[in-house]
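S.K.: Need coordinates for the below:
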Amino acid sequence: MRMRALGRWLGGILVAVGLWAGLGLSVAIGGEPKVLTTYGMPEEGPWAEIFQTFCKEHDCKHVDTDMTSAQAITKFLAERNRPVAASTEVGILFGPLAARQGAALAYKNAGWDKIPDWAKDSQGNWFAVYAGVPTFLVNKAVVKAVPQSWQDLLKPEYKNAIAFKDPRESGTAVAMLLAATVANGGGPGNLTPGITYFKKLFQAGNVKAISPSTSNIQKGEVPITIRYDHENLLTKERFKKELDLEIGMPSDGSLYTPSVIVLNRFVPDPALARAFADFLVSDRGQLTLARSLTRPIRSIAGNLEVPADIRARWLPEDLYRSRVRTLHNWEGFSVDEIRERWTNEVLAR
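M.R.: Residues are numbered from 1 along each chain as shown. Coordinates of the predicted model:
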């Protein structure tokens with residue numbers, strides 16, 4: 001009788017566990033914390049404090065595999081039968097791509113109404129948490145004259161001096177291409193001015209065949225880097241005692257390019273993923289991002305007050321007012337078009 005009773009008790013426990021798992025809820029066995037797995041969101045830059053704070057509150061452990069926007073979306077789909085990750089951070093054009101490919105979990109988070117329409121998907125498939133602005137990071141020990149505009153970069157004095165990532169894979173590099181496109185008179189549905197510009201930059205021999213990294217910037221191997229404003233600010237702060245770095249906001253214009261979150265449609269723990277999305281757009285989450293020198297999306301929208309000590313570490317506000325544009329339509333740009341034209345026009349010899 002005791003054995004049968006014990007069997008019924010164990011069976012009840014297993015049924016309960018199965019029901020919880022079927023509802024997408026986490027079950028901690030033996031006190032083990034839940035795991036929040038992400039792709040392309042390493043604990044550096046804007047994400048270090050975010051994951052530390054969130055996982056402390058939600059009793060979870062964060063694990064990340066660093067990868068590009070394109071790789072993360074591909075990974076979501078490839079693992080659909082045995083899903084691993086909860087979310088990824090991608091460039092603005094990769095959010096719609098994830099939605100079209102059926103990789104995104106639609107969810108309108110708790111701060112949805114505070115995110116501007118141009119920075120979120122109407123169906124909830126992706127949403128911005130901050131917006132980066134492409135800028136120039138210049139090593140003044142290597143570069144004599146600091147470039148002030150996109151057109152300046154075409155000058156022969158910058159031969160083999162400019163490094164950036166590949167827009168066929170990197171959301172940051174896509175932002176760079178879009179900013180240069182708009183600065184040269186293009187826009188949604190008209191990528192040609194940006195493609196033509198970068199073709200000229202390669203033909204001038206000004207592009208250095210290296211992908212920028214913290215290491216090669218520190219070593220002085222990359223005289224000029226084109227990256228987001230917050231990335232360049234963090235690098236400048238980190239090496240302020242050993243490198244003479246200057247950040248340039250192009251006078252012919254740059255662009256607010258949202259960095260967006262896509263939740264995995266096949267996420268193993270939907271409840272934890274949704275809680276993470278809620279946290280990211282809360283006051284606390286947005287101010288945590290601000291401390292990492294990003295410009296939180298709600299700050300840009302005007303419904304988040306950022307303390308003066310944080311704003312003092314940002315680039316001057318007048319540069320953003322006078323030089324940075326906001327696009328309200330991203331549908332005219334296509335990841336597929338960028339990949340094809342970058343290969344066949346920019347890199348073609």
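S.K.: what is the closest residue to residue 232 other than its chain neighbours paired to in the beta sheet?
M.R.: Beyond its immediate neighbours in the sequence, the residue positioned closest to residue 232 (CB to CB, 6 or more residues apart in numbering) is residue 137, lying 4.1 Å away. Using the backbone N, CA and C atoms, a C-beta is placed for each residue, glycine as well. When bridges are called by DSSP bridges, residue 137 pairs up with residue 225, residue 247.
S.K.: Now do the contacts for residue 137.
M.R.: Residues near residue 137 by CB atoms under 8 Å, 6 or more residues apart in numbering: 217, 224-227, 231-232, 235-236, 245-247.
S.K.: What separation do you get for it and residue 348?
M.R.: Relative to residue 348, residue 137 is positioned 28 Å away (criterion: CB to CB, to the nearest Å).
S.K.: Over to residue 316?
M.R.: Relative to residue 348, residue 316 is positioned 39 Å away (CB to CB).
S.K.: Confirm residue 231 sits in a helix?
M.R.: Yes: if the criterion is DSSP: H, G, I helix; E, B strand; the rest coil, then residue 231 is within a helix.
S.K.: tell me, how many neighbours does it end up with?
M.R.: Here the count is done by other CB atoms under 10 Å, and residue 231 has 21 residues near it.
S.K.: do the same with residue 145
M.R.: Around residue 145 there are 11 other residues, counting by other CB under 10 Å.
S.K.: Doesn't it lie inside a strand?
M.R.: No: when classified by three-state DSSP, residue 145 is found to be coil rather than part of a strand.
S.K.: Neighbouring strands of the longest strand belonging to the chain in the sheet, and parallel or not?
M.R.: Longest strand of the chain, by residue count under DSSP state E: strand 254-263. The strands beside strand 254-263 in its sheet (DSSP bridges) come out as strand 87-91 (antiparallel), strand 127-132 (antiparallel), strand 324-326 (parallel).
S.K.: okay if I get those strands as a markdown table plus distance to residue 342 and mean pLDDT?
M.R.: Written out in a markdown table, the entries for these read as follows (distance: least, CB to CB, whole Å; pLDDT from 0 to 100):
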| stretch | distance to residue 342 | mean pLDDT |
| --- | --- | --- |
| strand 87-91 | 14 | 94 |
| strand 127-132 | 20 | 97 |
| strand 324-326 | 22 | 95 |
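S.K.: wait, which of the ones you listed is closest to residue 253?
M.R.: Taking CB to CB as the measure, the strands paired with strand 254-263 were each checked against residue 253, and strand 324-326 came out nearest at 6.0 Å.
S.K.: Other residues contacting the closest one?
M.R.: Contacts to strand 324-326, defined as CB under 8 Å, 6+ apart, come from residues 118, 133, 182, 249, 253-256, 300.
S.K.: could you redo the last one with a cut-off of 6 Å?
M.R.: Applying CB atoms under 6 Å, 6 or more residues apart in numbering, the set of residues contacting strand 324-326 from outside is 133, 182, 253-256.
S.K.: Neighbour-wise, which one of those leads?
M.R.: Ranked by neighbour count under the definition other CB under 10 Å, the contacts of strand 324-326 are headed by residue 254 with 28 neighbours.
S.K.: ok, it - contacts?
M.R.: Residue 254 makes contact with 133-134, 179, 323-324 under the criterion CB under 6 Å, 6+ apart.
S.K.: Return the subset of those lying in helices.
M.R.: The helices in this structure, assigned by DSSP state H, contain 179, 323 from the contacts of residue 254.
S.K.: Can you lay out the contacts of residue 254 as JSON lines showing distance to residue 57?
M.R.: Converted to JSON lines, the contacts of residue 254 look like this (distance: CB to CB, whole Å):
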{"residue": "133", "distance to residue 57": "30"}
{"residue": "134", "distance to residue 57": "34"}
{"residue": "179", "distance to residue 57": "36"}
{"residue": "323", "distance to residue 57": "38"}
{"residue": "324", "distance to residue 57": "34"}
